[in-house]
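K.L.:
Coordinates for the following, if possible.
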Amino acid sequence: MSDRPAAGNAALRLPPWAAELVSLYESGSYSQFILHGNVQDHLLLPLAGEPRLGTLEEFLLQVLLPGYDVAFSYDVGNGLRVEKGGEIFGDWPHFKQNPQMPNSPRQAIEVLTHYFRYCANLGRLGKKRTHIGLLVRAAELVLPSQAGTANPEVNALALLVREWSAEALLGEHPLVTFLLVDNLNDLHPLLANNPRAAQVHVPLPSAPEIEKALGVLARDFPATLGGLSEQHPALAGQLRGATMHSVESLLRTREYARQPLKPADLADLKRKLVEKDCHGLIEFVESQRSLDDLYGLEPVKAWLRQDVQLWRQNDLEALPKGYLVCGPVGTGKTFLVECLAGEAGVPVVKLKNFRDRWVGSTEGNLETIFRLIQALGRCYVFVDEADQALGKRDAGAGDSGLSGRVYAMIAEEMGSARNRGRVVWVLASSRPDLIEVDLKRPGRVDVKVPLLPTATRAESLLLLAKLLARRQLEIPSDARAEIESRMPVLLTPGAAEALAVKIYRSVRTAPVAPLQALRAALEGYRQPVAPEVLRFQIEIALQEASDPGFVPEAFRDLPALFRM
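P.N.:
Now for the predicted structure:
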């Protein structure tokens, strides 16, 4: 395919993924491209005159294929359309006999295959070689992965499309085909795994790309961006992780309201944009707390502060790739993550329920999440109830292998070398023994932190007193010795919070004196978790601890603790 038209010097002004595509295209290495990822977004088009924002389809047709004789587009909604070279296509004898353009995938693919082979045969006979390009939008709807081997007709069509890149007759003809798909896992495996097709990942826009776009958009949104050219780098940095389309929509809304865009306004705006772009698959953990809000845990807080400081100094080699926060229910695992988020001052993304009942949808949701994580730059990724969320290597046949595929995708992402210093995973679980060993190994999770209940009555009293003080309730100093003798051992922060709320409620509604309410609450206190369950969860948390300094001295004799 050395005679394919060149894309000019556009690659010099394109983002890396587009420059890679142009290189593969112009060198003749590939004739079929699977573009996946952020394919529905806008990007800057390097056209003659002033650049402008346009769709990926416009880039392919106007930047990459302007020298082609015939260009087609197809999707299940609009059917087959001739974007360029209609008069050339109109000379095809088959079209003259059947001038109706097909809509269904089967008819469209068969017509295209017939036309491709017709032009290729003419080329072999020494006739004029017709340069042909095809763009298939939402290819996952045309050739979906869930069809698998269950639908022979879809499998046959997938095989035909794969032959466009593999058939010798078509391989020597100037034919290029583009399949656009949001998530690679949604595309039929015959195509997604085709070694003769180049997979090109289209990422979310980087901060420099957003900055360039802001410079172009400034002329259209003078009230919002006018006079802010010096702030464009800061604005772009704040907006990283959002799609270009959502940024443009934000600017339109602000321009309509005549509101300038300021860096101080962007934290909340960005959160809303990104969560909307991810369709509710993630949420940002917003926190005004710091590690000072954690009770006790001095060795753990010291370690976490050292890691935060290393991150700020860009000393990445000593940073962990992940944390495992484990301990009995109610010990404050999520609260620790909130405090770490406030201390570090970087985005903390919490994975929500990404599992879906439709075949292939769960894997597609994970692709969307990973795409966002990579675009955010430095961030924490928080997975609560990790023993349930992360999947299993061997889950049996009950879920058709879904759990194993989820496990494999997450394991690959957590272990990626490119993520050290950029993405830190934080897994939380009261049953870390149920998390696959490979996901907890160094290189994926380097630091394992046990969170434990109180070990003495004095610790329990200090914890409860701190929670009561937040509600403006004080324990009289002359009653502390008596109250301490009544305090339970192995009190979790969650249980202590419930006690504090019960005491405050009694004071506000009975009303009774705070000391009287405290005595009554302790008199009726029952451990919320069965002793045998609590002991088991403490034991497995102690076994997971990655540093002896994280384990309090008192917890080295568990039988004695449970006799108190």
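
K.L.:
now for the stretch of helix or strand Lys276 belongs to, which elements pack on it?
P.N.:
Taking DSSP states H and E as the criterion, Lys276 maps to helix 266-277. When contacts are defined as 3 or more C-beta pairs under 8 Å, 6 or more residues apart in numbering; DSSP states H and E, helix 266-277 packs onto helix 232-239, helix 244-256, strand 282-284. All C-beta spots, glycine's among them, are computed from the backbone N, C-alpha and C.

K.L.:
can you redo the ones you listed as JSON lines with mean pLDDT and mean neighbour count?
P.N.:
As requested, the helices and strands packed on helix 266-277 are exported to JSON lines (pLDDT from 0 to 100; neighbours: other C-beta atoms under 10 Å):
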{"stretch": "helix 232-239", "mean pLDDT": "81", "mean neighbour count": "19"}
{"stretch": "helix 244-256", "mean pLDDT": "87", "mean neighbour count": "18"}
{"stretch": "strand 282-284", "mean pLDDT": "82", "mean neighbour count": "20"}
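
K.L.:
Format these as CSV; extra columns: distance to Ile435.
P.N.:
What follows is the helices and strands packed on helix 266-277, written out as CSV (distance: least, C-beta to C-beta, whole Å):
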stretch, distance to Ile435
helix 232-239, 35
helix 244-256, 34
strand 282-284, 20
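
K.L.:
To Thr55, which of those lies closest?
P.N.:
Nearest to Thr55, of all the helices and strands packed on helix 266-277, is helix 244-256, at 9.1 Å by C-beta to C-beta.

K.L.:
tell me the average confidence for the host helix or strand of Val300?
P.N.:
Element membership for Val300 (DSSP H and E) is helix 298-312. The pLDDT scores in helix 298-312 average 90.

K.L.:
How far off centre is that helix?
P.N.:
Here the centre of helix 298-312 is set off from its chain's centre by 25 Å, with C-alpha atoms, centre = their mean, to the nearest Å.

K.L.:
Which strands or helices does it pack on?
P.N.:
Short answer (3+ C-beta pairs under 8 Å, 6+ apart): helix 298-312 packs on helix 333-344, strand 447-450.

K.L.:
One more pass at 7 Å, please.
P.N.:
Using 3 or more C-beta pairs under 7 Å, 6 or more residues apart in numbering; DSSP states H and E, the elements in contact with helix 298-312 are helix 333-344.

K.L.:
Show residues contacting the helix it packs on.
P.N.:
By C-beta atoms under 7 Å, 6 or more residues apart in numbering, the surrounding residues in contact with helix 333-344 are 285, 287-291, 293-294, 304, 308, 311, 325, 327, 348, 380, 382, 384, 426, 428, 451, 493.

K.L.:
Now the buried members of these.
P.N.:
285, 287, 290-291, 294, 304, 308, 311, 325, 327, 348, 380, 382, 384, 426, 428, 451, 493 (16 or more other C-beta atoms under 10 Å).

K.L.:
Please flag which of the contacts of helix 333-344 sit within strands.
P.N.:
Using DSSP state E, the subset of the contacts of helix 333-344 located in strands is 325, 348, 380, 382, 426, 428.

K.L.:
Minimum distance to Gly77: which of the helices and strands packed on helix 266-277 has it?
P.N.:
helix 244-256 (19.1 Å).

K.L.:
Show residues contacting the closest one.
P.N.:
Counting by C-beta under 7 Å, 6+ apart, 41-43, 53, 205, 210, 213, 217, 221, 223-225, 239, 261, 269, 273, 276-277 sit against helix 244-256.

K.L.:
Now Ile132: phi and psi?
P.N.:
phi -120, psi 140 (degrees, to the nearest 10).

K.L.:
Let me see the domain layout of this protein.
P.N.:
Residue ranges for the domains of the chain, per automatic domain parsing: 10-202, 207-277, 284-450, 457-523.

K.L.:
Just the buried residues of the helix holding Lys276, please?
P.N.:
266, 269-271, 273-275, 277.

K.L.:
Give me the below-cutoff pLDDT ranges for the protein.
P.N.:
Applying pLDDT under 70 to the chain picks out residues 1-13, 47-49, 146-150, 263-265, 267-268, 356-360, 394-401, 557-564.

K.L.:
Just the buried positions in the helix ranked longest in it, please.
P.N.:
The single longest helix within the chain, with elements called by DSSP state H, is helix 105-124. Across helix 105-124, burial judged by 16+ other C-beta under 10 Å covers 105, 108-109, 111-113, 115-117, 119-120, 123.

K.L.:
Could you export the residues you listed to TSV, including columns for distance to Val512?
P.N.:
Output for the buried residues of helix 105-124, formatted as TSV (distance: C-beta to C-beta, whole Å):
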residue	distance to Val512
Pro105	73
Ala108	78
Ile109	78
Val111	83
Leu112	81
Thr113	84
Tyr115	87
Phe116	86
Arg117	89
Cys119	90
Ala120	91
Gly123	94
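
K.L.:
right, and out of these, which lies closest to Lys466?
P.N.:
Distances from Lys466 to the buried residues of helix 105-124, taken by C-beta to C-beta, are shortest for Pro105, at 64.3 Å.

K.L.:
what's the nearest residue to the closest one if we skip its chain neighbours?
P.N.:
Val142 (4.8 Å; C-beta to C-beta, 6 or more residues apart in numbering).

K.L.:
and what of Glu83?
P.N.:
That would be Ala71: by C-beta to C-beta, 6+ apart, it lies 4.4 Å from Glu83.

K.L.:
show me the contacts for that neighbour.
P.N.:
61, 65, 83-85, 133.

K.L.:
Identify the farthest-apart pair in the residues you listed.
P.N.:
Using C-beta to C-beta, the contacts of Ala71 span at most 11.5 Å, a distance reached by Leu61 and Gly85.

K.L.:
who has more neighbours, the two?
P.N.:
Using other C-beta atoms under 10 Å as the criterion, Leu61 and Gly85 rank with Leu61 on top: 20 against 17.

K.L.:
and Gln537, what helix or strand is that in?
P.N.:
helix 531-544.

K.L.:
no no, Tyr323
P.N.:
Residue-wise, Tyr323 maps onto strand 322-326 under DSSP H and E.

K.L.:
Pull the residues that contact stretch 426-436.
P.N.:
So stretch 426-436 is in contact with 322-329, 333-334, 337, 380-387, 390, 392-393, 407, 445, 537, 540, 544, going by C-beta under 7 Å, 6+ apart.

K.L.:
repeat that with 6 Å
P.N.:
For stretch 426-436, the surrounding residues in contact (C-beta atoms under 6 Å, 6 or more residues apart in numbering) are 323-326, 328-329, 333, 337, 380, 382-384, 386-387, 393, 537, 540, 544.
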